[in-house]
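Q: Can you look at this prediction? I've put the sequence above it.
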Amino acid sequence: MKNSVLEVVSLLLEKLLFLSNLRLFSSDSPDEDKPKSSFFDINSFLRGDVLEVPRTHLTHYGIYLGDNRVAHLMPDILLALTDHRGLTQKVVSNKRLILGVLGKVASIRVDTVEDFAYGADILVNHLDQSLQKKALVNEEVARRAEKLLGTTSYSLLWNNCEHFVTYCRYGTPISPQADKFCENVKIIIRDQRSVLATAILGLASIVCLGLASYTTLPAVFIPFCLWMVG
């Protein structure tokens, strides 16, 4: 019994560590609320290039439009609260961005290269090599991006910054980062130890919070679903 408890505790720690590295809210987020200095040569960018900048956990993408302008998809809660362009056009902070992710509201906006980079280094067209897909001509890529400017819905799995740039450049919205996330979730679901771990957590919640529908139903439903799909 002692070994079983230790195994469950180990599993819980493993899952918590995994979840801490899923980085759900950093898909399109600045590392901090204040950008650091960065160095890049704007003259090396061509209109229609896909620009990518590494964040703390994932990678943010945009389309270079020329004249120091980048089109990119950014979640922003202010879009649901106000139509004041002066407020919504300010650089999106982490708090606005995370709430935008939760609210599933975003915009395809144009910012300067500096604001887009937010202190990070910029790579050009790395997706061309990793995806090995035939790209449209750069001018068509830029035109597609310009046509899509404006408010849009946001989804970490179905409509993020990577979906936007891959649609513009390749004609198909895909996101390897989202695909990798789904694969990691499958690993958790298929691990039968997750059933035991969630069952123990459910029982613990019942003991701590009492027997009620908001504790009993999840304690039964979640382990049952994991067991059925595992």
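A: Done, it's in.

Q: which residues sit in contact with C182?
A: Contacts were defined as Cβ atoms under 8 Å, 6 or more residues apart in numbering; by that measure C182 touches L157. Glycine gets a C-beta too; all of them are placed from N, C-alpha and C.

Q: switch the cut-off to 10 Å
A: 157, 175 (Cβ atoms under 10 Å, 6 or more residues apart in numbering).

Q: ok but it is inside a strand, no?
A: No - secondary structure of C182 (DSSP: H, G, I helix; E, B strand; the rest coil): helix, not part of a strand.

Q: mind checking pLDDT for it?
A: On pLDDT, C182 comes in at 71.

Q: cool, K2 as well?
A: 45.

Q: do the same with L12
A: pLDDT at L12 comes out at 49.

Q: repeat for D76
A: So D76 comes in at 90 (pLDDT).

Q: Spit out the contact partners of it.
A: Counted by Cβ under 10 Å, 6+ apart, D76 has contacts 28, 87-88, 90, 92-93, 96-97, 99-101, 103, 105-107, 109, 151, 154.

Q: For the closest residue in space to P54 that isn't next to it in sequence, which three-state class applies?
A: Once flanking residues are discounted, P54 sits nearest to A120: 5.7 Å by Cβ to Cβ, 6 or more residues apart in numbering. What three-state DSSP gives for A120 is coil.

Q: can you count the residues close to A120?
A: Counted with other Cβ atoms under 10 Å, the neighbours of A120 add up to 20.

Q: Please look at it and V113 and confirm they touch.
A: No - contact status for A120 versus V113: not in contact, 11.2 Å apart, counting by Cβ atoms under 10 Å.

Q: out of the contacts of D76, which are buried?
A: With neighbours counted by 16 or more other Cβ atoms under 10 Å, the contacts of D76 contain buried members at 28, 88, 92-93, 96-97, 99-101, 103, 105-107, 109, 154.

Q: Show me which of the residues you listed is closest to T59.
A: D28 (9.3 Å; Cβ to Cβ).

Q: now the strands for the chain?
A: 50-54, 59-66, 69-75, 105-112, 123-124, 150-153 (DSSP state E).

Q: Pull the contacting residues for L46.
A: Each residue near L46 by Cβ under 10 Å, 6+ apart is listed here: 64, 66, 124-125, 138-139, 141-142.

Q: what do you get if the cut-off is 6 Å, keeping everything else the same?
A: N138 (Cβ atoms under 6 Å, 6 or more residues apart in numbering).
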